[in-house]
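Student: need a structure here:
(2 chains)
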Amino acid sequence: DVKVTQSSRYLVKRTGEKVFLECVQDMDHENMFWYRQDPGLGLRLIYFSYDVKMKEKGDIPEGYSVSREKKERFSLILESASTNQTSMYLCASSPQEAFFGQGTRLTVV
Amino acid sequence: GENVEQHPSTLSVQEGDSAVIKCTYSDSASNYFPWYKQELGKRPQLIIDIRSNVGEKKDQRIAVTLNKTAKHFSLHITETQPEDSAVYFCAASQGSGGSNYKLTFGKGTLLTVNP
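Tutor: Numbering: from 1, shown residues only, chains lettered A, B, ... in the order given. Okay, here's the model as predicted:
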């Protein structure tokens, strides 16, 4: 079974903090993704990576950055957390079909 | 970039009825169209997918149809059961790897199957 693991299930951070969300996959997939899921807005792509050190902006990259130093790990960074970044964050990896992590519910207060 | 529209946003059916969810896409280069099911509190999981070289694919009670000319694809669930209740997402990508592989999702459809 493919396993995509996100480092935290729930996270509470203060406004202005730098936040790191980690995602690890164990299937040697080339592609990895970060989405945020909000009610009524579906899954919106923040960033994706198609290889080590390679990244592409998704539809809503503002306020976020990413890092992929190793193939199995894709990190999402909130440079200065704001309340409008309170959301569910989902990581996925794929050869083509996307396998999702369990999600991180981030609350910024 | 790709834009995926999904309708309806909510769908309520009686157990045993059929359910149809429709999606349209904008990028004619897209060639891979998966459907995901997300049960409450769980992660999205692939239920069926179709590639642009076929027009229809079926897996037991679930089928997907694709009309490349009109740039739309649909999910059909027959003989619905209460456990089919979930949010369903369609998606589209070029599926060719590298920087072209960007999986874009629709906004989702909340399907409720009433016993």
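Student: where does chain A come near chain B, residue by residue?
Tutor: Of all the residues in chain A, those in contact range of chain B (Cβ under 8 Å from any Cβ of the partner chain) are A:30-31, A:33, A:35, A:40-45, A:48, A:50-51, A:54, A:56, A:58-59, A:90, A:92, A:94, A:96-98, A:100-103. C-beta: built from backbone N, CA, C; applies to glycine.
Student: report the buried members of those.
Tutor: Buried positions within the residues of chain A next to chain B, assessed by neighbour count (16 or more other Cβ atoms under 10 Å in any protein chain shown), are A:30-31, A:33, A:35, A:42-45, A:48, A:50, A:56, A:58-59, A:90, A:92, A:94, A:96-98, A:100-101, A:103.
Student: burial count for residue 28?
Tutor: The chain I'm using is chain A. Residues near A:Asp28, counting by other Cβ atoms under 10 Å in any protein chain shown, number 9.
Student: sorry, should have said chain B
Tutor: By the criterion of other Cβ under 10 Å, B:Ser28 has 10 neighbours.
Student: in chain A, what residue comes closest to chain B?
Tutor: Closest approach between chain A and chain B, counting by Cβ to the nearest Cβ: A:Gly42, at 3.6 Å.
Student: apart from its neighbours in sequence, what residue is nearest that residue?
Tutor: If the residues on either side of it in the chain are set aside, A:Gly42 comes closest to B:Lys107, at 3.6 Å by Cβ to Cβ, 6 or more residues apart in numbering or on different chains.
Student: can you pull out the low-pLDDT segments for chain A?
Tutor: Of all residues in chain A, none has pLDDT under 70.
Student: no wait, chain B
Tutor: Judged by pLDDT under 70, the stretches of chain B that qualify are B:95-100.
Student: within range of chain A, give me the residues from it.
Tutor: B:1, B:6, B:9, B:32, B:34, B:36, B:43-46, B:49, B:89, B:91, B:93, B:95, B:97-99, B:101-108.
Student: which among those count as buried?
Tutor: For these, a neighbour count by 16+ other Cβ under 10 Å gives the buried set as B:6, B:32, B:34, B:36, B:43-44, B:46, B:49, B:89, B:91, B:93, B:95, B:101-108.
Student: next, give phi and psi for the most centrally placed residue in chain A.
Tutor: The residue lying closest to the centre of chain A (Cα atoms, centre = their mean) is A:Trp34, at 3.3 Å. For A:Trp34, the backbone dihedrals (degrees, to the nearest 10) come out as phi -120, psi 130.
Student: that one and B:Ser85: what is the separation?
Tutor: When Cβ to Cβ, to the nearest Å is applied, the distance between A:Trp34 and B:Ser85 equals 28 Å.
Student: now swap in A:Cys91 and tell me
Tutor: A:Cys91 sits 26 Å away from B:Ser85, taking Cβ to Cβ as the criterion.
Student: between the two, which is the more surrounded one?
Tutor: A:Cys91 (28 against 19).
Student: the more buried one belongs to a helix?
Tutor: No: the secondary structure assignment for A:Cys91 gives strand rather than a helix, going by DSSP: H, G, I helix; E, B strand; the rest coil.
Student: that one reaches A:Met32, doesn't it?
Tutor: Yes: contact between A:Cys91 and A:Met32 holds when scored by Cβ atoms under 8 Å: they sit 6.9 Å apart.
Student: any residues in contact with both of the two?
Tutor: Shared between the contact lists of A:Cys91 and A:Met32 (criterion: Cβ atoms under 8 Å, 6 or more residues apart in numbering or on different chains) are residues A:Cys23, A:Phe74.
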